[in-house]
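A.B. asks: quick one: sequence and predicted model below, then my questions.
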There are 2 protein chains.
Amino acid sequence: MPSHEGEDEAWLPPEIAVTVDLVILTLRASVFQVLLIERGEPPFQGSWALPGGFLRDAEEDIYDAALRELYEETGLEAGNLHMEQLAAYGTPGRDPRRRIVSVAYLTIAPELPEPVAGTDAASAFWTPVEQVLDHQVSLAFDHHDIVSDAVERARDKLERTPLATAFVGKSFTITDLQRVYEAVWGVSLDPRNFYRKVQGATGFIVPAGSERRTTAGRPARLYRAGTARTLHPPLTRPTPSAAPEEAR
Amino acid sequence: MPSHEGEDEAWLPPEIAVTVDLVILTLRASVFQVLLIERGEPPFQGSWALPGGFLRDAEEDIYDAALRELYEETGLEAGNLHMEQLAAYGTPGRDPRRRIVSVAYLTIAPELPEPVAGTDAASAFWTPVEQVLDHQVSLAFDHHDIVSDAVERARDKLERTPLATAFVGKSFTITDLQRVYEAVWGVSLDPRNFYRKVQGATGFIVPAGSERRTTAGRPARLYRAGTARTLHPPLTRPTPSAAPEEAR
DNA sequence: GCAATAGTGTCTTTGAGACACTATGGG
DNA sequence: CCCATAGTGTCTCAAAGACACTATTGC
């Protein structure tokens, strides 16, 4: 990597501020929801946005910063939570104040006992993902795009990874899992075929002993997540383009 | 996003340098290769590394910076090339000089007429991907991890997107495509089944008129990439874990 | 008994993999 | 003719989707 574009010796790289943005997804009452906050400061004061913030200092790891923001915004601890990096967003002008590169994280949380607890609880709330995707609510910065990317990533990973188990508690029924797939994919699935496929995916779920009583009907067996990191065979999503004819 | 961790008013976000790193993948003589350079400056002077560099200034878009580096290192222009963001890498200490966040890009190039042309051609060379994955060559910084992630991404996208067409020229034969899959996945495929699957994937390839003569054998029909953005049905990779039994 | 949910079995169609065969070029 | 590569057909098995049926609870 010789000389930087042939500039003079005094050339120094531009100094840029780095933030993390969190797309925290969950199911609440079988509805696929994302955590949003109302911004208390400019820019976009009063607008809705993803939780997030600047790296605390030049020594903080990006992943650690995401964990820290997660805790500050929701009170959630790292344990048992799925969090993975989504992408970096750094278009000049995405923040009107200054140049910022934001690293977005995708976080999946099981349904929580209380709406949202944490430092900024007052201004944080769950919103149906569909309302964001449909532009029924508009978000600050490029956060709409980030949510879109995160949802697409989640939908995709449901097919070939046990990600769905991150949406439910340690023990869950097969019907619980089905609700995850239905809510995230926005489809309805045949429970009998779903049973067969989930059971057939090696290492996806393993029996967890007891049963769960429900208000009505036969009690369901409980399962917990298996050790598989990928699903064989995968749980394929019903093709949204029902008949992909004529691709010319 | 109220007060930043309750620090005093004078808190300012840390200033961080942003770089781009390019994982440029291609097939050369049916071998899956990645473009590496020999570093001419510290740190890691003399080591092999991915091409890349700092953002030129605070107004340069990250994607544009990746395009610029691509041109500077290889002479390749944006057109007809596949380039997508891979991920951000920002572990403190990954660069011994200072804190750096690097945004890696995955680039797929068709086999090029000459080895590598460009500003830094002298120090750039193609290396078999397998040698990098196997640690037969070691790379500066965390570039080994970046290459691993890039290869995994490419392998994955071959299954469900027409990414393979980015490895070949505008016109190609089905056998050309098969060589891409075989080299990237590191497997050998049955040409007859491959034919059926590629032809059956709607919008993957469309006939391109003429035929191509080869040194021996029947001339092959030429195709060009179709308009499909995803493959239905997908071209599934032979399960590397042949029999994923006993996932407990 | 009835309502409601959990779980099983069976049939049909589709696609994957194995592999025999035909087609068309150059020597 | 032979060799090499291109392309087709056929069989078997696995998995997806549709859907009838049985099982176990609360009332």
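C.D. replies: Noted; the coordinates are in hand.
A.B. asks: what about A:Glu60, which SS state?
C.D. replies: coil (DSSP: H, G, I helix; E, B strand; the rest coil).
A.B. asks: give me the number of residues near the nearest residue to it once chain neighbours are set aside?
C.D. replies: Leaving aside its chain neighbours, A:Glu60 sits nearest to B:Pro92 (7.3 Å; criterion: C-beta to C-beta, 6 or more residues apart in numbering or on different chains). All C-beta spots, glycine's among them, are computed from the backbone N, C-alpha and C. For B:Pro92, the number of neighbouring residues by other C-beta atoms under 10 Å in any protein chain shown comes to 17.
A.B. asks: quick one, what contacts B:Pro92?
C.D. replies: A:58-61, B:99 (C-beta atoms under 8 Å, 6 or more residues apart in numbering or on different chains).
A.B. asks: out of these, who has the most neighbours?
C.D. replies: Counting by other C-beta under 10 Å, B:Arg99 has the largest number of neighbours within the contacts of B:Pro92, with 20 neighbours.
A.B. asks: looking at it, A:Glu69 is touching A:Val20, isn't it?
C.D. replies: Yes - with contact taken as C-beta atoms under 8 Å, A:Glu69 and A:Val20 are classed as touching, separated by 5.8 Å.
A.B. asks: closest to A:Ile16 among the contacts of B:Pro92?
C.D. replies: Out of these, the one with the shortest distance to A:Ile16 is B:Arg99. That distance is 10.8 Å, counting by C-beta to C-beta.
A.B. asks: and the closest residue to that closest one other than its chain neighbours, what's its pLDDT?
C.D. replies: In space, not counting the residues next to it along the chain, B:Arg99 is nearest to A:Ala58; the distance is 4.4 Å by C-beta to C-beta, 6+ apart. In this prediction, A:Ala58 carries a pLDDT score of 95.
A.B. asks: can you check the one 3 residues further on too?
C.D. replies: Per-residue confidence at A:Asp61 stands at 97 (pLDDT).
A.B. asks: which parts of stretch A:224-244 are buried?
C.D. replies: Buried residues in stretch A:224-244, defined by neighbour count with 16 or more other C-beta atoms under 10 Å in any protein chain shown: A:225-226, A:228, A:230-232, A:235, A:237, A:244.
A.B. asks: helix or strand right after the longest helix anywhere in chain A?
C.D. replies: In terms of residue count, the longest helix belonging to chain A (DSSP state H) is helix A:143-160. Next helix or strand after helix A:143-160 toward the C-terminus (DSSP states H and E): helix A:174-185.
A.B. asks: who are the packing partners of that next one?
C.D. replies: Packed against helix A:174-185 by the contact rule (3 or more C-beta pairs under 8 Å, 6 or more residues apart in numbering or on different chains; DSSP states H and E) you find strand A:15-28, strand A:31-38, helix A:143-160, helix A:191-200, strand A:220-225.
A.B. asks: swap the cut-off to 10 Å and go again
C.D. replies: In terms of contacts (3 or more C-beta pairs under 10 Å, 6 or more residues apart in numbering or on different chains; DSSP states H and E), helix A:174-185 is packed against strand A:15-28, strand A:31-38, helix A:129-133, helix A:143-160, helix A:191-200, strand A:205-212, strand A:220-225.
A.B. asks: lowest average confidence, helix or strand, in chain A?
C.D. replies: In chain A, the helix or strand scored least confidently by mean pLDDT, DSSP states H and E is strand A:205-212, which has a mean of 86.
A.B. asks: residues in contact with it?
C.D. replies: Applying C-beta atoms under 10 Å, 6 or more residues apart in numbering or on different chains, the external contacts of strand A:205-212 come out as A:162, A:164-165, A:170-177, A:198-199, A:218-228, B:247-248.
A.B. asks: who touches stretch A:227-235?
C.D. replies: Taking contacts as C-beta under 10 Å, 6+ apart, the residues outside stretch A:227-235 that touch it are A:157-164, A:177, A:181, A:185, A:189, A:194, A:197-198, A:200-206, B:234, B:236, B:239, B:241, B:243-244, B:246-248.
A.B. asks: mark which of those residues are buried, thanks.
C.D. replies: Among the contacts of stretch A:227-235, the ones that count as buried (16+ other C-beta under 10 Å) are A:157-164, A:177, A:181, A:185, A:189, A:194, A:197-198, A:201-205, B:244, B:247.
A.B. asks: now chain A against DNA strand C: closest residue?
C.D. replies: Ranked by C-beta to the nearest atom of the strand, the top residue of chain A for proximity to DNA strand C is A:Gly217, at 2.3 Å.
A.B. asks: host element of that residue?
C.D. replies: Take DSSP H and E as the rule and A:Gly217 turns out to sit in neither a helix nor a strand.
A.B. asks: cool, and A:Leu231?
C.D. replies: Judged by DSSP H and E, A:Leu231 forms part of no helix or strand.
A.B. asks: how about it: what's its closest non-neighbour residue?
C.D. replies: Spatial nearest neighbour of A:Leu231, chain neighbours left out: A:Ala201 (4.4 Å); criterion: C-beta to C-beta, 6+ apart.
A.B. asks: quick one, domains of chain A?
C.D. replies: Domain assignment of chain A by automatic domain parsing yields the ranges A:17-142, A:160-247.
A.B. asks: closest to A:Arg153 out of the ones you listed?
C.D. replies: Nearest to A:Arg153 among these is domain A:17-142; the distance by C-beta to C-beta comes to 5.8 Å.
A.B. asks: first vs last residue of stretch A:186-195, how far apart are they?
C.D. replies: Terminal residues of stretch A:186-195 are spaced 18 Å apart (C-alpha to C-alpha, to the nearest Å).
A.B. asks: kindly report the same for stretch A:35-55.
C.D. replies: End-to-end span of stretch A:35-55 (C-alpha to C-alpha): 20 Å.
A.B. asks: then stretch A:163-171?
C.D. replies: Across stretch A:163-171, the terminal residues are separated by 14 Å (C-alpha to C-alpha).
A.B. asks: please apply the same query to stretch A:82-99.
C.D. replies: For stretch A:82-99, the end-to-end distance is 29 Å (C-alpha to C-alpha).
A.B. asks: give me the buried positions along it.
C.D. replies: Along stretch A:82-99, the positions that meet the burial threshold by neighbour count (16+ other C-beta under 10 Å) are A:82-92, A:94-95, A:99.
A.B. asks: before we move on, the earlier item: ramachandran angles for the residue nearest to A:Leu231?
C.D. replies: Its backbone dihedrals place A:Ala201 at phi -80, psi 110, with angles given as degrees, to the nearest 10.
A.B. asks: thought A:Lys170 was touching A:Pro110?
C.D. replies: Yes - contact between A:Lys170 and A:Pro110 holds when scored by C-beta atoms under 10 Å: they sit 8.4 Å apart.
A.B. asks: so for those two, which residues contact both of them?
C.D. replies: The contact sets of A:Lys170 and A:Pro110 overlap at A:Asn80 (C-beta under 10 Å, 6+ apart).
A.B. asks: of those two, which one has the most company?
C.D. replies: Regarding A:Lys170 and A:Pro110, a neighbour count based on other C-beta under 10 Å identifies A:Pro110 as having more, with 20 against 11.
A.B. asks: wait, does stretch A:161-178 contact DNA strand C?
C.D. replies: Yes - in this structure, stretch A:161-178 sits against DNA strand C according to C-beta under 7 Å from any atom of the strand; the contacting residues are A:173-175.
A.B. asks: end to end on that stretch, go ahead and measure it.
C.D. replies: Across stretch A:161-178, the terminal residues are separated by 15 Å (C-alpha to C-alpha).
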